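J.: How does the following fold in three dimensions:
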Amino acid sequence: MDAAGASSPELRPINGLDLPDVAPAALPDWLPEVRQVDPVTLFVDEKYQRGLSDRSMRLIRKIVSQWSWLAFKPPIVVDVEGKLHVIDGQHTAIGAVTHGGIGTMPVLVVRAKAVGERASAFVRHNRDRIQVTATQLHAALVAAGDEDALDVAAICERAGIRLLKNPPPMARYKARDCVAISAIMSLKNRRHVKGAREVMEVCAKTGAAPVTANLIRAVERLLFDKEYKGEIDADRIVALYIAMPDYLETEARRFAAERKAPIWRALASVIFMNRRKARG
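T.: Have a look, this model is predicted:
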């Protein structure tokens, strides 16, 4: 409810689903238990846990430097003869110990007597989850007021691009739809707001459905790379793509396969080679 007592149009209750073909699992006679523990008392069983990769180290550094209880998820642990074994959340646990200021933190204690059960639980925690997509994360960052995300949202709005939070059913995109948020963010970092908007305006005018990362990179290359800059203007790119989108995309894939080049680079080359077509 908002201050006036009205429900937010974006706030929905959690409702169950009608799944007639799914039989609910039998429940055990116990519930998980929340405990406050000193993180140095936790253990990792290396028989099934992952070692620390470079990506792990980067994540732990981020956890330590940006520790926040708002972003905290309690590690899942099992009590094995008085020792708490982490089955999910070892990065959080290591980050807490490394931080040095976390005297106690909550953990969720579940039951799994055998190593096989604990390993199976580890697999399920890491397999049976839906990762947040880049577009969903972008929407959350916009709501949180992140400066970079707000810049990208403004670039797309000014250019007439619709950033979708999720791909549409059956991939039925409309002209100017886009889910290539990572490509747009990278474009902004390279070309800043003004240059990124120029590229996205051209992409929008092509009517592409959707506006893909390959198209974004190709248009950027044609507008800014010294090989093409000044040799083909934005209106010609738009006219050519509108006139023969399927041909350009097909030729770009063939060109990329023959030259072992990225498709976006091939698409830029194919558009440029056909620049004298579709005049008027």
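J.: the strands in this protein, which residues?
T.: Along the chain, counting by DSSP state E, strands occupy 33-37, 42-43, 76-80, 83-88, 105-110, 162-163, 177-178.
J.: Quick one: distance of the last one to the chain centre.
T.: So that's strand 177-178. Centroid displacement of strand 177-178 relative to its chain, using CA atoms, centre = their mean, to the nearest Å, is 15 Å.
J.: Mind giving me the packing neighbours of it?
T.: In this structure, strand 177-178 packs against strand 162-163, with contacts taken as 3 or more CB pairs under 8 Å, 6 or more residues apart in numbering; DSSP states H and E. (Each C-beta comes from the backbone N, C-alpha and C, glycine too.)
J.: still on that earlier bit, TSV please, covering the strands of the chain and showing distance to residue 133.
T.: Supplementary listing: the strands of the chain in TSV, determined by distance: least, CB to CB, whole Å:
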stretch	distance to residue 133
strand 33-37	30
strand 42-43	31
strand 76-80	24
strand 83-88	21
strand 105-110	26
strand 162-163	12
strand 177-178	13
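J.: From residue 146, how far off is the closest residue to residue 185 other than its chain neighbours?
T.: Closest residue in space to residue 185, ignoring its immediate chain neighbours: residue 152 at 5.8 Å, by CB to CB, 6 or more residues apart in numbering. Going from residue 152 to residue 146 by CB to CB, to the nearest Å gives 9 Å.
J.: Comparing the two, which residue is more hemmed in?
T.: The neighbour comparison of residue 152 against residue 146 (other CB atoms under 10 Å) goes to residue 152, with 24 against 15.
J.: Contacts only, for that one.
T.: Listed by CB atoms under 8 Å, 6 or more residues apart in numbering, the contact partners of residue 152 are 138, 163, 181, 184-185, 188, 196.
J.: redo that, cut-off 6 Å
T.: The contact partners of residue 152, taken as CB atoms under 6 Å, 6 or more residues apart in numbering, are 184-185, 188.
J.: cool, and residue 136?
T.: residue 165.
J.: So which of the contacts of residue 152 is the closest to residue 74?
T.: residue 185 (31.2 Å; CB to CB).
J.: how many neighbours does the closest one have?
T.: Burial of residue 185 is recorded as 18 neighbouring residues (other CB under 10 Å).
J.: Ok, residue 269 next?
T.: The local packing of residue 269 (other CB under 10 Å) involves 21 other residues.
J.: do the same with residue 53
T.: When neighbours are counted by other CB under 10 Å, residue 53 registers 9.
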